[in-house]
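Novice: sequence and predicted structure, then a few things I'm wondering about:
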Amino acid sequence: MERIRERATNCKPQMISIILNGKSVSVQANETDRLTDVIRNGEPSLTGTKLSCGIGRCGACSVLVNGELVNSCLVMAYQVEGASVTTIEGVGEGSLDPIQVAFMEEGGFQCGYCTPGMVIAVKALLSENAEPSDEQIVEGLSGNICRCTGYEGIKRAVRAAIKKRNE
Amino acid sequence: MSKSRKRPDGNAKVTGELKYLTDRTFPKMLYAKVLRSAYPHARIRSISTERTKELPGVEAIITHQDVPGVNGFGIITPDQPVFCDDKVRFIGDAIAAVAATSIEVAEEAIKRIDVTYDVLPVLDDPEKSLAEDAPKLREDGNVLYKKNFTKGDVNEGFKRCEAIVEETYHVPRQMHAYMETEGGVVVPEADGGITVYMGTQHGFKDQFQLSRILDLPKESIRIVSSPMGGSFGGKDELNVQPYAALLALKTNKPVKLHQTRAESVISSIKRHPMTITIKTGADKTGNVIAHDVQIVADTGPYATLGPAILDFAVEHSAGPYRFEHVAVNGTSVLTNNAVSGEFRGFGGNQITFALENQMDRLAEQLEQCPTAFRKLNLRGEQDLGPLEQRIVPTTGASDVLKNVEQLKKQIETRKDHPFLRTGVGIAMAMHGGGLGFGRLDGAGGRLSLSDDGKIDVSFGFEEVGQGIVAVIEELTTEALQCDENDITITIGDTNRVPHSGSTTASRGTSMVWHALERMKQEFKEKLCEKAATLTGEPKDELRLGTGGIYKGEVQVLTYRSLRKQLHHDDQVVVETSFDFPTTPDEVDGGHYLYTFAGVLAAVEVDLLTGQVNVTHLHQAISAGEVINELGYKGQIEGGGVMSLGYSIMEDVVMEKGHYTKPNFDTYMLPTISDVPRLTVDAIEKLPDGDGHGPRGVGEIGTVAVAPAITKAIHDALGIWINKIPVDPSIILQAVEKEGGTWWNEFENEQPIASHK
């Protein structure tokens, strides 16, 4: 235990290469850093990714790693060496993604703290299945907790996003 | 609902660009951690920080000795120690705090603080606290507060009753579970003051409390408090502000303190668990004659707003009904459990669960339809309020009841299934807005023409997620006939906003409307007057519009050029301050403006697992005009689901004063898989000449959900539920008792006869 603490307090940062939102970057990471930590605290600090439960139960820290939906609080920074990481800042760059527009128009958010993770989860869902059923929407978003909306606005937003993408 | 304005904070939220206060960083910033108690009740024998000092990276360690002012916080009574000195009274009590160059060092540092304790008996239940020989949590005993209300003589009343129901109900300790945990950054300023970047529901109140703790003048403390990732009442009281503030002043560096979820669970306030015993009696026609209510609330060791919450529960004991004889005895009891405090619904949710259950049980005993029984006892438009005080006339009660009654008629729920039973229940609630008679409940706002030619509208309200910014935008553009590009909204910064009172008690929307009503005419006149002087047009023919000042349909001046042409000192500012409207009758805590909810819940109960699946949750809300459709729906739908959690999932279980559910892996919140179809009907009509504008809807969507769900379970299975969250084993036991052999029948794949 003492050794772990020593490492926690004296660990040496290392450089990790990732493709962050489409750009190759080298980020500094401590051995104990989670992916969330380097995204939020590193350079550039992308604070759209939130940390809420820290144990992979709420999805606020959701990002895409090589296109796959993950809780970035459950991934150590060193595990993503060479991987492509997409955060909320990488969604709809330049203009809003139809998912984001739908969240705004349908009331898919309130406090907004779960929203980046939720948008990422919808992104992952729709990239796998362009027209998910209501059951599949629920399944796809069941790892993302929202305490404000009651999810009805989120469901409306996803349905609207599907429509928008088909237009 | 018609006003479907998109929220002004939408773009920044869906793109992740919005900087929450916990997202902020500053150069040379340190990280703080707070050491909390190891025991729920103990005498502190010694605190030693010696071993911490040798750790590289530690820049400050503070304990009770480092509090220059009052070592306590609490909105009304500052009885919660910032740092405990002699005793700890719950597991979240703070003992020391550390600022270090990294979170890891700070974490390690607090582990090296050595505290020795003499463990004391744990009062983990109000009953234990009320025992004669119980140790005292404060000098005058273990009762924080008592509140009684009497109308008539219940004993006489019961003599005339044909049907009497007496039951005891238990409601849980609920966690707010805002997605953003408490925290932010405190920055020392050059003038010796500080800026506190941390969420709260009343910036000026934090300023006042911190001033008392830090022994700094209020003017030296700037509170930046919006936006927040949720609060629901949970960030109304101070939480970690004092620690980061003390550390920032001590180190003269910015200090970040952002609690982890586990730290938040331990230290944050929760909804009051209550045990409510009620005896209610009616005559044979169904008129409720007597209603005798005993409320015991577990308020934890410190006050925060415990007394006001008990007042609210007592006030709403008879809800929207008029009973001849009422007696309510409320007691808020100190324990070594979590600090209970302000939470959306504010005592109303607890009492409404008990009251509505009583109504349904009495109706059954009288063999009356529950809706008809309610109607018979319902308040009328001109009736007095629940504390016999005059209130603003309202037809809300009958309006919402009619709405859910109509819907219930249309719902066909029975279905033939071997192990699922379905049922429908309705419930209703009346809920006071504002802080009540005799409480400091000032409000205010400001309109000004800013240097960049925008109309700045400013309030001391906070954006917690409820959508107050959309409400402000909608009401301001409507009041001034301009559009959203003409205005800027300034909130959440004590250096820049007027006093508006707290963002609590469903008062925000209501107060924004009132403030604009007071300011709009004067502001329009001032602008038109200036424009008239500059353009030579007659003032009376000028009006405000999109982009500027108009004469008829012709724009004569943009707001921007109007500002430019005015002398710099010639400021156009209109301010107002006033009090939340209260009843003219001197009834302490009594409310004046009430909202109403009618709730219909449909459930599916699984006889094999005892699980309750809510399939439809409908809410009819009477709260006046809808200002922003998405915000309104969001509040009611979201409130509904939060209370669905309260009804069937959520309970912060504590054993011997320790939390048993440290995070969201064990404290289960509703996910998207748990939510039913949600529908909302806004009943906007108010009696003619109402004059009080739209009411707030922050709380009303949470109040009457639980009893609707438990009635639906009763409808499905014939069993009454006295305790929430509903324990599946109660359902399984009931099924077992009733059918006896149903499980075997199922195994033999034979259809089960209906239990109804």
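Specialist: Cool, the structure landed.
Novice: give the contact list for residue B:150.
Specialist: B:326, B:327, B:328 (Cβ atoms under 8 Å, 6 or more residues apart in numbering or on different chains). (C-beta placed from N, C-alpha, C; glycine too.)
Novice: by proximity to chain A, which residue of the stretch 101-250 of chain B wins?
Specialist: residue B:229 (3.0 Å; Cβ to the nearest Cβ).
Novice: pull the contacting residues for that residue.
Specialist: A:50, A:52, A:111, A:112, A:113, B:20, B:22, B:178, B:179, B:180, B:199, B:465.
Novice: again, only this time at 10 Å
Specialist: A:50, A:52, A:60, A:110-115, A:147-148, B:13, B:18, B:20-23, B:178-181, B:199, B:235, B:464-465 (Cβ atoms under 10 Å, 6 or more residues apart in numbering or on different chains).
Novice: now the contacts of residue B:150 as CSV including neighbour count and distance to chain A?
Specialist: Shown next, in CSV, are those (neighbours: other Cβ atoms under 10 Å in any protein chain shown; distance: Cβ to the nearest Cβ, whole Å):
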residue, neighbour count, distance to chain A
B:326, 24, 34
B:327, 20, 37
B:328, 25, 32
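Novice: tell me the domain ranges of chain A?
Specialist: A:2-90, A:98-166 (automatic domain parsing).
Novice: can you tell me which of the ones you listed has the worst average pLDDT?
Specialist: Per-stretch mean pLDDT for those is lowest at domain A:2-90 (a mean of 90).
Novice: figure out how far it is from the centre of its chain.
Specialist: 11 Å (Cα atoms, centre = their mean, to the nearest Å).
Novice: again with stretch B:388-402
Specialist: Distance, centroid of stretch B:388-402 to centroid of chain: 22 Å (Cα atoms, centre = their mean).
Novice: pull up the distance across that stretch, start to finish.
Specialist: 25 Å (Cα to Cα, to the nearest Å).
Novice: could you do stretch B:246-263 as well?
Specialist: First-to-last distance for stretch B:246-263 - Cα to Cα - comes to 19 Å.
Novice: same check on stretch B:690-701?
Specialist: 22 Å.
Novice: how about that stretch against chain A, any contact?
Specialist: Yes. Using Cβ under 10 Å from any Cβ of the partner chain, stretch B:690-701 reaches chain A at residue B:701.
Novice: ok, back up a step: restricted to strands, list the contacts of residue B:229.
Specialist: Judged by DSSP state E, strands contain none of the contacts of residue B:229.
Novice: any idea which of the domains of chain A is most buried?
Specialist: Among the domains of chain A, domain A:98-166 has the highest mean neighbour count (mean count of other Cβ atoms under 10 Å in any protein chain shown), at a mean of 23.
Novice: please, which helix or strand holds residue A:69?
Specialist: Residue A:69 belongs to strand A:68-71 when assigned by DSSP states H and E.
Novice: now do the SS call for the residue of chain A found nearest chain B.
Specialist: Of all residues in chain A, residue A:48 sits closest to chain B, at 2.1 Å by Cβ to the nearest Cβ. At residue A:48 the chain is in coil, as set by DSSP: H, G, I helix; E, B strand; the rest coil.
Novice: in chain B, what residue lies closest to chain A?
Specialist: For chain B, Cβ to the nearest Cβ, closest residue to chain A: residue B:16, 2.1 Å.
Novice: which SS class is that residue?
Specialist: coil.
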